[in-house]
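Q: Quick one: sequence and predicted model below, then my questions.
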Amino acid sequence: DTGVSQDPRHKITKRGQNVTFRCDPISEHNRLYWYRQTLGQGPEFLTYFQNEAQLEKSRLLSDRFSAERPKGSFSTLEIQRTEQGDSAMYLCASSGDHWPSYNEQFFGPGTRLTVL
Amino acid sequence: GQQVMQIPQYQHVQEGEDFTTYCNSSTTLSNIQWYKQRPGGHPVFLIQLVKSGEVKKQKRLTFQFGEAKKNSSLHITATQTTDVGTYFCATGNTGKLIFGQGTTLQVKP
């Protein structure tokens, strides 16, 4: 399978715990994005990378969220001290890095986070 | 910042009927993308429109970008049960996409 993969697919945690999600993009894609989606809403942008550089981070993203892409391949998204409001589907996407291909984003299956 | 609004939020149609969803913005957009998300699935890219008045077709799907580049529509002719899902419009300038709330289509066989 050469699509975007995410791990784990589901995560249940208790409030206050830290969680980490992994995303493996399509291998030839330089750009990697993280989005969050709650029920009945469209995906909400969190952050994105070009290779290993984090180019933009949403102002809505609190300091409890951090993302890395250390070697420009896979990425991790960590949420510290989880809160019930963090419960959502966390989607990863990847794309090429030239116009207009960077708007054609390929999404992974997502990680569904439930914070109890 | 940029926002795109979609109407309607939900649409129920009988199989074979047509369906249209609309995406509107108060500001001029440089581009519009359309994505489809099946129930329990993830968004899948359908198309990107960039030119004023652009019309593109994919089989039974017709996509339009308004002359003023402030609105877009997706029209499905003769819906089938496989068309069920949520259709999102999105826009972006640097790769960061801003999505609308989506229109969820239900098709009764």
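A: Received, thanks.
Q: Now the terminal residues of stretch A:20-37, how far apart.
A: 17 Å (CA to CA, to the nearest Å).
Q: tell me which residues in that stretch are buried?
A: Using 16 or more other CB atoms under 10 Å in any protein chain shown as the test for burial, stretch A:20-37 gives A:21, A:23-26, A:29-37. Yep, even glycine has a C-beta here, placed from its N, CA and C like the rest.
Q: which residue sits closest to A:Gly16, ignoring its sequence neighbours?
A: A:Arg81 (5.6 Å; CB to CB, 6 or more residues apart in numbering or on different chains).
Q: could you measure the one you found against A:Phe65, distance?
A: 11 Å (CB to CB, to the nearest Å).
Q: I figured B:Asn93 hits B:Ser30, correct?
A: Yes. B:Asn93 lies in contact with B:Ser30 (CB atoms under 8 Å); the separation is 5.9 Å.
Q: where does A:Leu113 fall, phi/psi-wise?
A: phi -100, psi 130 (degrees, to the nearest 10).
Q: How many neighbouring residues does it have?
A: 21 (other CB atoms under 10 Å in any protein chain shown).
Q: if I look at it, how far off is chain B?
A: 15 Å (CB to the nearest CB, to the nearest Å).
Q: what does A:Arg64 give?
A: Distance from A:Arg64 to chain B, by CB to the nearest CB: 21 Å.
Q: Also A:Gln105?
A: 6 Å.
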